[in-house]
Each structure stands twice: as structure tokens, then as C-alpha cells.
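Undergrad: following is a predicted model, sequence given first.
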Amino acid sequence: MSQVKTGKLHRAYLVAAGVILLMFPMCFILNAASIFYTPVTTELGISRTMFGIHISITEATMALMLPTINKLFKKYDTRITVTACMILEGLAYFLNSRATGIVMFYIDAFILGCCESLLIYLIIPVLMNNWFAKNTGLWIGICGAAQGVAGMLFNSVGAAVIASTGWRSCYLLWAAVCIVIGVPASLIFIRYSPESVGLKPVGYDPQNTSAGTEEKPKGIAMKDAVKMGAFWTVALCPLLMAFGCNVNMVFNDYYLGIGLTTVLAGTAASTVMLGNMIGKMIIGGIADRSLKLATICSGAGILAMLLFIMVAPHTIWVTWVAAALFGITYGACNTLGPILVKNVFGLKEFSAIWSQASRLQAISVTFATTLWALIVDNVGYSNALWISFGLFIIAVVLGLKSLSDAKKIQAMWTE
């Protein structure tokens, strides 16, 4: 197969640019969903709980559909699957703009869950692993950080649209972004692998086949991987991080309880998102050089919980330091996980193995918001934070354990 000529931009960077553009419409369902709660529930006369169920339906659908979507992603031209997702997502938001009751939101939530299972869990790690043989972690982090940037942008834009012309107009804007940005980005930039266009990945070294960068990547078959204890070690690491990070859902009341004003509480929440974005790039970049150090840094939330519990109530400015550290662990949830899966099980059936691991994570997130609310109601904020502290410690230990498991399993890799 041919290589890109010296001096020309490698197609991989265009693929990465396409993935970054796809993070704009992808951010709507989770990162920019909160702005609709008050206006929609007020106009339709429904409770916030009833409206919030549509998010749970989306998350449950993602967990249910991940293996199926992964098979479609591999079987058909990537441009077809991603473009179909963009069109369906745009249709769902258009229908939301016409909704007269909660049932339409529930139906659209299922459609969005099918689309987002590809866009949230699969497209970044699969395409970046396919296109970058070197600095893969960094590019996973960069693309993941784009989701946070898009969320911050569209939260502000969406709030302004709702204030001026209403929530229905905002859903129409979301639909337009899916079609105007998402569809062209998919058709023009996205390709599944460099081999499909006669190229090799960036950093390809024919002398180095240990990392699975050759034409026939090495690794473990999915049917064998899921039978190994190492699979659960790798899967539970990001799962516990993600579940622990969902304590963020009740942080606003915690901020107010330690004396922050509503405005300052908002800035603390924004600091978490900033740490999330920066954390993805930090963890990804470090992982390319030292997976052990990246795993340890992913546990920044451990220190954050200690600061939140023991220091922030007495020294308010520490709240923002803790929020930034917590954000790093938040960002590691979908960054460190696929990197560990690749390290242990290789690229042979990476997408299938990661879809199974991330499916477990998606299931846990589906129930996380409700469970954290119950935990806080029964044991209080301080004890809830201690629980999150413990989950982060276990997650880091499991991540480090996976590194030792990898040494034995890599000897079993086959083409």
C-alpha cells in the first residue's frame, strides 16, 4: 500500500478534524440537555422527573445497542453509518421541537440512544486507533476534549436562543447543526481506516509490529477476552471512575451548602468541565509515554475528594482547585478506558471488546444519577464524597493491575 508523500498533510488529521466537528452535535444530548428542563416542563405541565426520564432512556439504549452498533460500524462504510446517525439525530430534535407531550421525547430518546452509542463510545477510540500508530492517546484526548468545548459553547448559545425565541427554536437549531455540520463532516472527512484509502497510519513503522500497527493487527479475540479476569479488571476501572464522577450531579447543593453563591457555584461547575477537557488531553498525552503514570494521574479525583471534604468548607478558594482535579478524573473515564483495552487485548478486535466494556459503563451511568440522589438523601454529602473517594482508589488499583495483566496476555496475541 502507498504512503502519503512527504510534505503533504496525512489524511489522518482530516479524519481527526471530522471527529472533532462531529462532537458539536454529539454534545447536545448530555452536555447541553439541562437548559431544556425548566422551559419544557413549564410549557408542557410535566414534572422534572418525567422529563428527566428521557435522558435515562437514551443512556439505557446506548448500553443496549452498543454491540449491535459496533457491528454495523465495522460492516458498512463508515460514512453511511455516521451520516445515518446524524440524519436520525437531526430528525429526533426536529420532532422534539414539535412535541406536545412527554411521549414524543421518550420515543426520540430511543433514537438518540442508538446514534449516541456510536458517537460517544466508539467513534473516537476506534478511529484514532486506526489512524494513529503513534500519539494515539493524545488524539483520543484531543477529540474527547472537543466534546467539552462544544458543550460549553452550545449551553451558552442554546440558553440565549431559548431566552429569545423559546425552546422549540433551540431544538430546531440542534437539528440544523446535525444536518449542516454533522452530515458534511461525515461524508467529507470520516473514513474507517487508512487501509481503505491506500494509506498507513501516522507513525507506522514496518519494523515495529508489537503494538499492533501492521496491516493485520494482533490481539485477543473478543470471545476469548470476555472470559478472562483481565477483561473485568479493565472494564471496571473506567466504570468505577464514571460512576464516582456522577456524584457531580449533586455538587450544586454541596457548593451552596459550604457558602458559595449561585454564581460562584456555577463557576465551580464550569471549572469541573474545564478540568474535564484539559484532563482528557493530559491523560491521553501521558499515556503515549507511560501508561502507569497516566493511570495514576487519572486518580486526581482522589485528592479532589479529600479537598472537598476536609479543606473546601473552611477555605473556599480550594473548591476550585478540587473542582479542576475532579474534572481530570471525569475526563479520564472515556480516555483511559480504551487505551487500557488496547494495551491488554490489542487491536485485533478492539472495537468489539471496547463496546462490551463501555456497555457496562453505560449501564452504570444510567442509574448513577438516581443512586447518588438516594445516597445523599440517606447519608449526606460528606459520606457521599467519601464513597466516591473509595471508588476512585479502587479504579486506579484496577487500572494498575491491568498493566501487569497485559504482560502475560500480550504473549497470547495472534493476528
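TA: Good, I have the coordinates.
Undergrad: what's around the residue nearest to Glu43 when sequence neighbours are not counted, how many residues?
TA: Distances taken as CB to CB, 6 or more residues apart in numbering put Trp167 closest to Glu43, at 7.4 Å, once the chain neighbours are dropped. Placement of C-beta: from N, CA and C, glycine included. When counting by other CB atoms under 10 Å, one arrives at 23 neighbours for Trp167.
Undergrad: now Gly45, what are its backbone angles?
TA: Phi and psi for Gly45, reported as degrees, to the nearest 10, are phi 70, psi 40.
Undergrad: kindly apply the preceding question to Gly346 instead.
TA: The phi and psi torsions at Gly346 (degrees, to the nearest 10) take the values phi 80, psi -170.
Undergrad: and what of Ser47?
TA: Reported as degrees, to the nearest 10, the phi and psi values for Ser47 are phi -80, psi 160.
Undergrad: swap in Val202?
TA: In terms of degrees, to the nearest 10, the main-chain angles of Val202 are phi -60, psi 130.
Undergrad: let me know the pLDDT of it.
TA: The confidence metric pLDDT takes the value 88 at Val202.
Undergrad: re earlier: was I right to think the residue nearest to Glu43 contacts Thr41?
TA: No: the pair formed by Trp167 and Thr41 falls short of the contact definition of CB atoms under 8 Å, at 10.1 Å.
Undergrad: residue ranges with poor pLDDT in the stretch 1-150 of the chain?
TA: Within the stretch 1-150 of the chain, the stretches with pLDDT under 70 are 1-7, 30.
Undergrad: state the number of residues packed around Ala312.
TA: Per other CB under 10 Å, the neighbour tally for Ala312 reads 24.
Undergrad: quick check: it touching Ala323?
TA: No: the pair Ala312 / Ala323 is not scored as a contact, 9.0 Å apart, by CB under 8 Å.
Undergrad: which other helices and strands contact the one helix or strand Leu391 maps to?
TA: Element membership of Leu391, judged by DSSP states H and E, is helix 350-409. Secondary structure elements in contact with helix 350-409, counted by 3 or more CB pairs under 8 Å, 6 or more residues apart in numbering; DSSP states H and E, are helix 48-75, helix 123-131, helix 222-225, helix 229-245, helix 251-257, helix 291-297, helix 300-306, helix 318-345.
Undergrad: just so I know, which of those helices lies nearest Ile375?
TA: In this view, the helices and strands packed on helix 350-409 are compared for proximity to Ile375 by CB to CB, and helix 229-245 is the closest at 11.0 Å.
Undergrad: tilt between the closest one and helix 350-409?
TA: Helix 229-245 and helix 350-409 are oriented at 120 degrees to each other (axes from the mean of the first three to the mean of the last three CA atoms, to 10 degrees).
Undergrad: CA atoms of stretch 370-390 as PDB?
TA: Output in PDB follows, covering the C-alpha atoms of stretch 370-390 (Å, rounded to 0.1, in the frame of the first residue of the first chain):
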ATOM      1  CA  THR A 370     -30.800   8.300  40.900                       C
ATOM      2  CA  LEU A 371     -28.500   6.300  43.100                       C
ATOM      3  CA  TRP A 372     -26.400   9.300  44.000                       C
ATOM      4  CA  ALA A 373     -29.500  11.200  44.900                       C
ATOM      5  CA  LEU A 374     -30.600   8.300  47.200                       C
ATOM      6  CA  ILE A 375     -27.100   8.100  48.700                       C
ATOM      7  CA  VAL A 376     -27.100  11.900  49.500                       C
ATOM      8  CA  ASP A 377     -30.600  11.800  51.000                       C
ATOM      9  CA  ASN A 378     -29.700   8.900  53.300                       C
ATOM     10  CA  VAL A 379     -26.100   9.500  54.300                       C
ATOM     11  CA  GLY A 380     -25.400  13.200  53.400                       C
ATOM     12  CA  TYR A 381     -22.900  14.900  51.100                       C
ATOM     13  CA  SER A 382     -19.800  14.200  53.100                       C
ATOM     14  CA  ASN A 383     -20.300  10.500  53.200                       C
ATOM     15  CA  ALA A 384     -21.300  10.500  49.500                       C
ATOM     16  CA  LEU A 385     -18.000  12.100  48.700                       C
ATOM     17  CA  TRP A 386     -16.100   9.500  50.800                       C
ATOM     18  CA  ILE A 387     -17.900   6.800  48.700                       C
ATOM     19  CA  SER A 388     -16.700   8.500  45.500                       C
ATOM     20  CA  PHE A 389     -13.200   8.700  47.100                       C
ATOM     21  CA  GLY A 390     -13.200   4.900  47.600                       C
END
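Undergrad: what residues of it count as buried?
TA: Within stretch 370-390, the residues that qualify as buried are Trp372, Ile375, Val376, Tyr381, Ala384, Leu385, Trp386, Ile387, Ser388, Phe389, counting by 16 or more other CB atoms under 10 Å.
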